[in-house]
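S.K.: what follows is a predicted structure for the sequence shown.
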Amino acid sequence: MDAQIDPFTGITREFVHVDDETFAIRSTDNVQAVLDANKEDQTFNPTGYSPSRDLKHVARIPASIYELWLHRYGVDVLNPDHKDAVRKLLNDRDWLFLRTGGGVI
């Protein structure tokens, strides 16, 4: 089967034949543009505040990471009830590349 690209998320999924009775679904996503934007914000706007200081931009989370967190940790970044878990993940050293500024969220 050919790979299918989700036009909304940009995630590519393909079925991979493992053996006669098993297959897997491989998902890939090009997140480099998001990571580059995060790095630029970390450099040029490390506080993350808007000019009026009314809003603070703290992270960009690619769709593939959203799916990973949902399946691996049960954390839904779009669910307000999960904000503490999202905050914990974003403050973890392993996920700092998703942050747009410094400090602790």
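M.R.: Looks like it arrived, so ask away.

S.K.: what is the neighbour count of residue 73?
M.R.: 13 (other Cβ atoms under 10 Å). Bear in mind the C-beta positions are built from the backbone N, C-alpha and C, glycine included.

S.K.: show the pLDDT at it.
M.R.: At residue 73, the model reports a pLDDT of 97.

S.K.: show me what contacts it?
M.R.: 85, 89 (Cβ atoms under 8 Å, 6 or more residues apart in numbering).

S.K.: same check, this time on residue 91
M.R.: By Cβ under 8 Å, 6+ apart, the neighbours of residue 91 are 104, 105.

S.K.: quick check: longest helix of the protein.
M.R.: helix 32-44 (DSSP state H).

S.K.: give the rounded mean pLDDT of it.
M.R.: 91.

S.K.: give me the buried positions along it.
M.R.: Within helix 32-44, the residues scored as buried using 16 or more other Cβ atoms under 10 Å are 34, 38, 41, 42.

S.K.: for the protein, which segments count as helices?
M.R.: If DSSP H is used as the criterion, the helices of the chain fall at 32-44, 63-73, 83-91.

S.K.: those helices: which one's closest to residue 3?
M.R.: Ranking the helices of the chain by proximity to residue 3 (Cβ to Cβ) places helix 63-73 first, at 14.4 Å.

S.K.: if you count neighbours, what's buried in that closest one?
M.R.: 63, 64, 65, 66, 69.
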